[in-house]
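Visitor: Sequence and predicted model, in that order:
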Amino acid sequence: METEITLNTTLGTLLDDPQAKAVLDQYVPGISSNPMVAMLKGMTLNKLLALPQAAQFGLTKEKAEEILAEINKRI
């Protein structure tokens, strides 16, 4: 990936990048293999954070920003 990853990046974009996917799985174990994720790939991280299910995964805006910072360091 060449551009900076932000909260406006789609989940699908992150999952298509091996390094970003590894970071996601590190912070939110099992997210890339969860069957529900296929339905969410077109959503931006901001939209995902608005879903009640985000809290079930422990995904808060602060955690998402931490994940994004790690992804941006690696790519």
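Guide: Thanks, I have the structure now.
Visitor: Provide a list of residues in contact with the closest residue to residue 74 other than its chain neighbours.
Guide: Nearest non-adjacent residue to residue 74, counting by Cβ to Cβ, 6 or more residues apart in numbering: residue 19, 4.8 Å away. C-betas here are computed from N, CA, C, even on glycine. Going by Cβ atoms under 8 Å, 6 or more residues apart in numbering, residue 19 touches 71, 74, 75.
Visitor: does residue 19 belong to a helix or a strand, and which?
Guide: Element membership for residue 19 (DSSP states H and E) is helix 18-27.
Visitor: quick one: buried residues of that helix?
Guide: When neighbours are counted by 16 or more other Cβ atoms under 10 Å, the buried residues of helix 18-27 are found to be 20, 23, 24, 27.
Visitor: just the helices in the protein please.
Guide: According to DSSP state H, the chain carries its helices in the segments 11-16, 18-27, 37-40, 45-49, 52-56, 61-74.
Visitor: Tell me which of those lies nearest to residue 5.
Guide: helix 61-74 (5.0 Å; Cβ to Cβ).
Visitor: By mean pLDDT, flag the weakest helix or strand of the protein.
Guide: Among the helices and strands of the chain, helix 52-56 carries the lowest confidence by mean pLDDT, DSSP states H and E, at a mean of 84.
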